[in-house]
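> The sequence isn't on hand, but the structure is:
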């Protein structure tokens, strides 16, 4: 039996449709719908005139994170939160997902007007928006950026429903889709849809993305690979100006070293402090811990690689995993077990029962029905620099040994890890999935990446169900279909949900206003330093 667990503070992800009488972009009169959502973040309290408010607070901070910044293109940054965080700070999209997991206008002047057949979306741009170099941002830049997003190797499939984009004037964009798409607005609010200058300012894309510019609250001042990346406040930002004057990001791979630097005062903010030290930091005067449960750590099993090509073998793996023990050992209790590979928050609390069932007898029964009834071995590849993956791998190795499955652990560098994914040479792999918004975006990602390279046999079926969901603008009906998809994927055992960790940052107490957004990003534009 499946169940829907309503999580305290769970975000509503609906898009309300208000019918209005106006003229469509094609010139035909009739009823149209304007998607609207509520809620606003402080960083997004922007005037329609596009004038930038004077910054409050100020200060310069240094931030230590596990990983260096490598790829800050909107599409290429998808696999690394350290990269996508920078994209979100230097560039804005037409829309954004705010702290309440609601969509609100950013570069767009308001919510889109949707034609009566729901195939054309007309969006007016906020007047006076410029890139950080002062160049006006126009509809031509929007068209270029969205066309470019559609060709992305990582996230291009999110935009495949878009057939064409018109820019009838400098402040108007009309997006045409081949079929109804109830999640298009969420796609436009995702970070792969941020707006960059048309034709990359005449540069090759790889050269532009070394020091890209956008229309976000910050701009890149200095980039020294392997050493640091410095952002400064964008003085030409159209919205509420960032409070910080500058942010310097430095890579510090060892989590204990990050804590030592924080305590010594050489950095002001650290990402992913060791869970074992969280309680100490909370209790120690002069420090604070910021946390929010977002994302799901999952084990992807490549369904074309023996012995994982057998569904009973994969189901045995899922049933043999003690997720409660993982939460205690890996997260120090700072999180919860996960039953679906999409966060329960975005599924409105739904959890498929099979997805977090722990039953060794049932696991042995599934194994007995497989083509390897006496067990077999497979390997798990993971990024050894990640703070959670190595211990998670060891626990899985121990759990599966109890039913006769041997797991070989292959901790490696991020580059080799990404190569294994790209070449599909892995058998098992970890990923922390934290795509905010309507679950349809995550399902589309599952399809676009071939179940994150696992080549699931369910792809044709899930693709058909996803295509059906895009035409359902009624939330209740669409989420019933999402629930069904979650059940199917959990039972198939190709994306095995493990736990939902609390995203953790630790900071000096002089850092004010820090909070983690549903997008798994820190709200740097709202942070200030106490004087």
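Perfect, I can see it now. Being a predicted model, the structure only gives us computed values, none of them experimental.

> contacts and neighbour counts: CA atoms only from here.
Fine.

> helices and strands around whichever strand or helix holds residue 505, which ones?
Assigned by DSSP states H and E, residue 505 belongs to strand 495-508. Where contact means 3 or more Cα pairs under 8 Å, 6 or more residues apart in numbering; DSSP states H and E, strand 495-508 is packed against strand 269-271, strand 287-293, strand 296-301, helix 323-331, strand 335-337, helix 475-492.

> Show me the one of these that comes nearest residue 527.
With Cα to Cα as the criterion, residue 527 lies closest to strand 269-271 of the helices and strands packed on strand 495-508, at 11.1 Å.

> buried stuff in the following helix or strand past that closest one?
For strand 269-271, the following helix or strand on the C-terminal side (DSSP H and E) is helix 275-283. Residues 275, 278, 281 are the ones in helix 275-283 that count as buried (16 or more other Cα atoms under 10 Å).

> gap between the residue lying closest to residue 130 once chain neighbours are set aside and residue 93?
Leaving aside its sequence neighbours, residue 130 sits nearest to residue 136 (Cα to Cα, 6 or more residues apart in numbering; 4.2 Å). To residue 93, residue 136 is 15 Å away according to Cα to Cα, to the nearest Å.

> who's more crowded, the two?
residue 93 (25 against 15; other Cα atoms under 10 Å).

> Model confidence score at the closest residue to that one other than its chain neighbours, please.
Nearest residue to residue 93, sequence neighbours excluded (Cα to Cα, 6+ apart): residue 194, at 3.9 Å. At residue 194, the predicted lDDT confidence score is 97.

> Run a quick neighbour tally on residue 194.
Using other Cα under 10 Å, residue 194 has 28 neighbouring residues.

> Would you agree it is in contact with residue 92?
Yes. Using Cα atoms under 8 Å, residue 194 is in contact with residue 92, at 5.1 Å.

> ok, now how distant is the spatially most central residue of the chain from residue 475?
When Cα atoms, centre = their mean is applied to the chain, the residue found nearest the centroid is residue 435 (3.1 Å). Distance of residue 435 to residue 475, computed by Cα to Cα: 19 Å.

> Also residue 180?
Using Cα to Cα, we find residue 180 at a distance of 14 Å from residue 475.

> okay, the two: which has more neighbours?
residue 180 (20 against 16).

> ok, the closest residue to that one other than its chain neighbours - contacts?
In this structure, residue 180 finds its nearest non-sequential neighbour in residue 471, 4.8 Å apart by Cα to Cα, 6+ apart. Listed by Cα atoms under 8 Å, 6 or more residues apart in numbering, the contact partners of residue 471 are 179, 180, 181, 182.

> possible to save the residues you listed as TSV with pLDDT and secondary structure?
Formatted as TSV, the contacts of residue 471 follow (pLDDT from 0 to 100; DSSP: H, G, I helix; E, B strand; the rest coil):
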residue	pLDDT	secondary structure
179	91	coil
180	92	coil
181	91	coil
182	91	coil
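
> which two from those end up farthest apart in space?
The farthest-apart pair in the contacts of residue 471, when distances are taken by Cα to Cα, is 179 and 182, at 9.7 Å.

> more neighbours, the two?
Between residue 179 and residue 182, counted using other Cα under 10 Å, the more crowded position is residue 182 (22 against 16).

> what sits against that one?
Here residue 182 is in contact with 469, 470, 471, 472, 473 (Cα under 8 Å, 6+ apart).

> Which one of these is nearest to residue 207?
Closest to residue 207, out of all of the contacts of residue 182 and judged by Cα to Cα, is residue 470, at 36.4 Å.

> Excluding sequence neighbours, find me the nearest residue to that closest one.
Leaving aside its chain neighbours, residue 470 sits nearest to residue 181 (4.5 Å; criterion: Cα to Cα, 6+ apart).

> Please apply the same query to residue 448.
Residue 448 sits nearest to residue 157 (Cα to Cα, 6+ apart), 5.5 Å away.

> Pretty sure that neighbour sits in a strand.
No. Residue 157 is assigned helix when assessed by DSSP: H, G, I helix; E, B strand; the rest coil, not a strand.

> how near is it to residue 447?
Counting by Cα to Cα, the gap from residue 157 to residue 447 is 8 Å.

> For this protein, which segments count as helices?
81-90, 139-150, 184-188, 205-208, 255-264, 275-283, 311-319, 323-331, 360-369, 389-401, 414-423, 439-448, 459-470, 475-492 (DSSP state H).

> Can you tell me which of those helices is most buried?
helix 311-319 (a mean of 26; mean count of other Cα atoms under 10 Å).

> tilt between it and strand 495-508?
Helix 311-319 runs at 30 degrees relative to strand 495-508, counting by axes from the mean of the first three to the mean of the last three Cα atoms, to 10 degrees.

> What's the mean pLDDT across helix 311-319?
Taken as a whole, helix 311-319 has an average pLDDT of 98.

> before we move on, the earlier item: quick one: contacts for the residue nearest to residue 470?
Counting by Cα under 8 Å, 6+ apart, residue 181 touches 118, 119, 161, 470, 471, 472.

> Just give me the closest of the residues you listed to residue 485.
For the contacts of residue 181, the residue nearest residue 485 by Cα to Cα is residue 470; the value is 13.7 Å.

> Pretty sure that closest one sits against residue 183.
Yes. Assessed by Cα under 8 Å, residue 470 is found in contact with residue 183 at 6.4 Å.

> Are there residues contacting both of those two? Which ones?
Shared contacts of residue 470 and residue 183, counting by Cα under 8 Å, 6+ apart, come down to residue 440.

> quick one: terminal-to-terminal distance for stretch 87-101?
End-to-end span of stretch 87-101 (Cα to Cα): 19 Å.

> Same question for stretch 510-528.
Using Cα to Cα, the two ends of stretch 510-528 sit 8 Å apart.

> And stretch 302-317, by the same measure?
First-to-last residue span, stretch 302-317, Cα to Cα: 13 Å.

> what's that stretch in contact with?
By Cα under 8 Å, 6+ apart, stretch 302-317 touches 301, 362-367, 369-372, 376-378, 400, 424, 426-428, 453-457, 491-494.

> tell me the contacts of residue 193?
Applying Cα under 8 Å, 6+ apart, the residues near residue 193 are 74, 93, 94, 145, 146, 149, 187.

> which of those lies closest to residue 394?
Nearest to residue 394 among those, with distances taken as Cα to Cα, is residue 74, at 33.5 Å.
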